[in-house]
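**Q** test case, fold it:
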Amino acid sequence: MKTVTLYRPLSIEKALHDFDHYMESFFGDSSMIPAGKVPPVDIREYEDHYTMEMELPGFDEKDIEVQVNGGSLSIASRKETEHKEEPEKPEVKKDGRFLIRERKVTSFSRSFTLPESADPDQIAACFKNGILALELKKRPEVKKRLISIESR
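**A** Okay, the predicted model is just below:
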């Protein structure tokens, strides 16, 4: 008796996602932003502005730098944990000594091309609970407007 088996080839996106997940589980916790990774961002468009929200767990506003250069918006950070030489006698150190130290440097840099309708002079930033929120106002001349039609 012959049987029919449905063949579903593995997509390249699925294979890459599985490989990334495997590497993250092998090298450690993915809740922090590992070197070479970029934090996730949500971008929304409204009638008169755009919003961007970026997840930055473990960061403070002093760790983050937002820059506008022409038509480009860049968000970057470099955060290092305090690293002091361990004394020869661990009992002398007041802060304790590390038994495991996995958190060292967390850095990222991400750039976005601003839409032509965005006004680079009208960008506001807010940081709360590990979320960087940016509001980018649209230029008044690009906003939609309703044109009334007269009857003749």
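**Q** element containing residue 106?
**A** Following DSSP states H and E, one finds residue 106 within strand 105-113.
**Q** buried sites along that strand?
**A** Neighbour-count burial for strand 105-113, with 16 or more other C-beta atoms under 10 Å as criterion, is recorded at 106, 108, 112. C-beta coordinates here come from the backbone N, C-alpha and C atoms, glycine included.
**Q** my read: residue 41 touches residue 52, true?
**A** Yes - under the criterion of C-beta atoms under 8 Å, residue 41 is in contact with residue 52, at a separation of 5.8 Å.
**Q** now do residue 129: how many residues are near it, please.
**A** The local packing of residue 129 (other C-beta atoms under 10 Å) involves 7 other residues.
**Q** how far away is it from residue 101?
**A** Residue 129 sits 26 Å away from residue 101, going by C-beta to C-beta, to the nearest Å.
**Q** coming back round to it: pLDDT averaged over the strand holding residue 106 - what is it?
**A** On average, the pLDDT along strand 105-113 is 86.
**Q** now do residue 106 against residue 38, distance only.
**A** Distance, residue 106 to residue 38, by C-beta to C-beta: 12 Å.
**Q** same question but for residue 120, I mixed them up
**A** For residue 120, the distance to residue 38 equals 22 Å [C-beta to C-beta].
**Q** these two: which has the busier surroundings?
**A** With neighbours defined as other C-beta under 10 Å, residue 120 and residue 38 compare such that residue 120 has more, 15 against 12.
**Q** could you check the angle the helix or strand encompassing that one makes with strand 105-113?
**A** Using DSSP H and E, residue 120 sits within strand 118-128. Put simply, strand 118-128 runs at 150 degrees to strand 105-113, going by axes from the mean of the first three to the mean of the last three C-alpha atoms, to 10 degrees.
**Q** C-alpha coordinates for strand 118-128, PDB please?
**A** The C-alpha coordinates for strand 118-128 follow below in PDB (Å, rounded to 0.1, in the frame of the first residue of the first chain):
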ATOM      1  CA  ALA A 118       8.400  64.600   8.900                       C
ATOM      2  CA  ASP A 119       9.700  67.900  10.400                       C
ATOM      3  CA  PRO A 120      13.200  67.200  11.800                       C
ATOM      4  CA  ASP A 121      12.900  70.400  14.000                       C
ATOM      5  CA  GLN A 122       9.700  69.100  15.700                       C
ATOM      6  CA  ILE A 123      10.900  65.800  17.400                       C
ATOM      7  CA  ALA A 124      10.100  65.200  21.000                       C
ATOM      8  CA  ALA A 125      11.600  62.300  23.100                       C
ATOM      9  CA  CYS A 126      10.400  60.700  26.300                       C
ATOM     10  CA  PHE A 127      11.800  57.700  28.200                       C
ATOM     11  CA  LYS A 128       9.700  55.700  30.700                       C
END
